[in-house]
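Undergrad: Prediction below, plus the sequence it came from.
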Amino acid sequence: MKKLIALMALVVGLFSTNTFANSVSCYVDTMKYDNYTQNRCFGGETYPNFSPKVVFKVNASKEVARVEWKFSGMYQSASVANCTGTTCIVDVYQTEGYMTACVDKIYYKDYTWADVNWCADAEYMYTRNGMWN
């Protein structure tokens, strides 16, 4: 009986852990409901007046106080200039593009910190006048 209880506790523990812990997730904002995916996301939109954005989120195993992000690729730099939170909404251009967001340092609420390199890549495709570029 003890072995059965121990086995059940192990199985419950495996399924209750955060599979996204210590990573970066993202989604490309579209007119439909969007879901975060870990490490890589892709999306596009055909609506000509849509203002494209990519959303990046830190997934950490502890509560986070502040994050230092590094961005590369095609994006509008003003939208990332002061991003120190666990979620960053990045304005992107209305064309095909690619960008990467990485967490460089993470500061936890328990007053510890870590140098990390957690990244997510985003690819986005938008159109002008309903035609793919």
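TA: That came in fine, so what should we check first? Residues are numbered from 1 along each chain as shown.
Undergrad: quick one: the helices in this protein?
TA: For the chain, helices defined by DSSP state H occupy the ranges 2-16.
Undergrad: Break down it into its strands, ranges please.
TA: Taking DSSP state E as the criterion, the chain contains strands spanning 23-28, 37-38, 40-45, 53-59, 64-73, 87-91, 97-108, 113-128, 131-132.
Undergrad: Now those strands in CSV, please, with extra columns for mean pLDDT.
TA: Formatted as CSV, the strands of the chain follow (pLDDT from 0 to 100):
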stretch, mean pLDDT
strand 23-28, 95
strand 37-38, 94
strand 40-45, 90
strand 53-59, 95
strand 64-73, 95
strand 87-91, 93
strand 97-108, 95
strand 113-128, 90
strand 131-132, 48
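Undergrad: Save those strands as CSV, and put in mean neighbour count and distance to Ala81 too.
TA: From N, CA and C alone the C-beta is placed, and that goes for glycine too. Listed next are these as CSV, based on neighbours: other Cβ atoms under 10 Å; distance: least, Cβ to Cβ, whole Å:
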stretch, mean neighbour count, distance to Ala81
strand 23-28, 22, 19
strand 37-38, 16, 26
strand 40-45, 17, 22
strand 53-59, 22, 15
strand 64-73, 16, 10
strand 87-91, 17, 11
strand 97-108, 18, 14
strand 113-128, 17, 18
strand 131-132, 9, 31
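Undergrad: For those strands, give me TSV that also has distance to Val80.
TA: Output for the strands of the chain, formatted as TSV (distance: least, Cβ to Cβ, whole Å):
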stretch	distance to Val80
strand 23-28	13
strand 37-38	20
strand 40-45	16
strand 53-59	9
strand 64-73	5
strand 87-91	6
strand 97-108	8
strand 113-128	12
strand 131-132	27
